[in-house]
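*Asks:* Starting from these lines, generate the structure:
(one chain, ligands or ions: 1)
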Amino acid sequence: MESASKEKEIMGKLVIVGSVAFDAIETPIDKTGKILGGAGTYIGLAAHQFAVDSAVVSVVGNDFPQEYIDLFSERGINTDGLEVVKDGKTFFWSGRYHNDMNSRDTLETQLNVLENFDPQVPKAYRDAEVVMLGNLHPLVQLGVIEQMTAPKLIVLDTMNFWMDNALNDLKRVITKVDVITINDEEARQLSGEHSLVKASRAIQEMGPKTVVIKKGEHGALLFQGDEMFFAPALPLEEVFDPTGAGDTFAGGFTGYLAQTEDYSFKNMKRAIIYASNLASFCVEEFGTERLQNLKKQEVKKRLKVFEKLTQFHIDLT
Ligand code: AMP
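*Replies:* Residues are numbered from 1 along each chain as shown. Alright, predicted model coming up:
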């Protein structure tokens, strides 16, 4: 017992902020009813694969089942910062994927309790080393940064919606983060540059020293100063549901960095491989199903496939 609590004390702490939601998803193959979703949920389930002491900061309504909250607690994810609003309704998002399974249309977004979300980081987690700011209003993300006492790494994920609707707030918060994760089209929109190399440079000038550009089934790019690294996505026979892959990637990236407490570029290269590996599982079943039941052994086995996918030898003599 004593050694277990000691172990907990020395684990890196990770604060996760993001939506905890109900989703309804349609793909060309199938569709779901209301299922568990949300960026914060995917990030938490992915980060749980690592030895980290994590806490999810979010808000739900009284329609949110206790069994979903238990799903976090059972995995050791602290829920003291998961506010339950009496008489409130949980955030709801629904989307339909096109035949390419890459692009999608948002059918409905009901902000509900997210509309007036005032995030409260539990006191015990304000000294966390790593903060993962999932895709939410930039001022909510800023509110979380302001509660942290000595973060070593702040990672921010965002999307075009905030660039269209709250660009100045977004620009303000990104001056305060170390890493931004963003998809390729959003990187182009934010920077006004088509080349992703130029886009990453322009975004670095806005604040974050490190830029991760997610390219869906085409992998992810990591930029820091003049350094550049690429992690492929695992080519899969069938993608069942891509929802949450980007958030799973973010959870894998920050989970690995919080576990290792090494924020060097060299270690970030490993982190994006771990991140891509976890994202490859996420898309194999609807919603969070695959992540909920993912075994450490399966993760390890697939990492070996990743290694083989990218290893080659060229005789340069
Ligand atoms: P991804 O597929 O990685 O873009 O993430 C999908 C998840 O993001 C879904 O589970 C949604 O519940 C959540 N989501 C979609 N739109 C928003 C939004 N405007 N704010 C917060 N979360 C959102």
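*Asks:* use CA for all of it now, contacts and neighbours both
*Replies:* Fine.
*Asks:* so what pLDDT did the one residue in the stretch 1-150 of the chain that gets nearest to the ligand get?
*Replies:* The minimum distance from the stretch 1-150 of the chain to the ligand, using Cα to the nearest ligand atom, falls at residue 38 (3.4 Å). Residue 38 is assigned 98 on the pLDDT scale.
*Asks:* What number of residues are in the vicinity of it?
*Replies:* The tally of other residues near residue 38 (other Cα atoms under 10 Å) stands at 25.
*Asks:* right, and it touches residue 24 too?
*Replies:* No. Checked against Cα atoms under 8 Å, the pair residue 38 and residue 24 is beyond contact range at 11.0 Å.
*Asks:* Return the residues in contact with the residue of the stretch 1-150 of the chain closest to the ligand.
*Replies:* Going by Cα atoms under 8 Å, 6 or more residues apart in numbering, residue 38 touches 18-23, 244.
*Asks:* Let's see that with 10 Å instead.
*Replies:* For residue 38, the contacting residues are 18-23, 58, 91-93, 134-135, 243-244, 247, 287-288, by Cα atoms under 10 Å, 6 or more residues apart in numbering.
*Asks:* Report the set of residues contacting both of residue 38 and residue 24.
*Replies:* 92-93, 287.
*Asks:* With neighbour count, secondary structure and distance to residue 170 as new columns, can those be given to me in TSV?
*Replies:* TSV is the format used below for these (neighbours: other Cα atoms under 10 Å; DSSP: H, G, I helix; E, B strand; the rest coil; distance: Cα to Cα, whole Å):
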residue	neighbour count	secondary structure	distance to residue 170
92	23	strand	23
93	19	strand	22
287	26	coil	28
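*Asks:* residues from the stretch 101-250 of the chain in reach of the ligand?
*Replies:* 135-136, 243-247 (Cα under 6 Å from any ligand atom).
*Asks:* can you list contacts of stretch 304-316?
*Replies:* Under the contact criterion Cα under 10 Å, 6+ apart, stretch 304-316 has outside partners 230-235, 273-274, 276-277, 300, 302-303.
*Asks:* show me where the stretch 51-200 of the chain has strands.
*Replies:* 52-61, 82-85, 92-97, 104-110, 130-133, 153-157, 179-183 (DSSP state E, counting those that start in this stretch).
*Asks:* Actually, the stretch 201-317 of the chain.
*Replies:* 210-214, 220-224, 227-231.
*Asks:* most packed of these?
*Replies:* strand 210-214 (a mean of 25; mean count of other Cα atoms under 10 Å).
*Asks:* Let's have the strands of the stretch 201-317 of the chain in CSV, adding mean pLDDT.
*Replies:* Below are the strands of the stretch 201-317 of the chain laid out as CSV (pLDDT from 0 to 100):
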stretch, mean pLDDT
strand 210-214, 97
strand 220-224, 98
strand 227-231, 96
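*Asks:* Pipe these into TSV and attach distance to residue 161 per row.
*Replies:* Listed next are the strands of the stretch 201-317 of the chain as TSV, based on distance: least, Cα to Cα, whole Å:
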stretch	distance to residue 161
strand 210-214	17
strand 220-224	21
strand 227-231	26
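*Asks:* Compare those and give me the one nearest residue 283.
*Replies:* strand 210-214 (14.9 Å; Cα to Cα).
*Asks:* who does the closest one pair up with?
*Replies:* For strand 210-214, the pairing partners within the sheet under DSSP bridges are strand 179-183 (parallel), strand 220-224 (antiparallel).
*Asks:* Was I right to think residue 273 contacts residue 250?
*Replies:* No. Residue 273 lies out of contact with residue 250 (Cα atoms under 10 Å); the separation is 11.4 Å.
*Asks:* Between these two, which is the more surrounded one?
*Replies:* Neighbours per residue (other Cα under 10 Å) separate residue 273 from residue 250, with residue 250 holding more: 36 against 24.
*Asks:* which residues does the more buried one contact?
*Replies:* Residue 250 makes contact with 39-40, 42-44, 46-47, 132-134, 155-157, 180-182, 212, 214, 244, 256, 271-272, 275-276, 278-279, according to Cα under 10 Å, 6+ apart.
*Asks:* Same check on residue 171?
*Replies:* Contacts of residue 171 by Cα under 10 Å, 6+ apart are 138, 163, 190, 203, 206-207.
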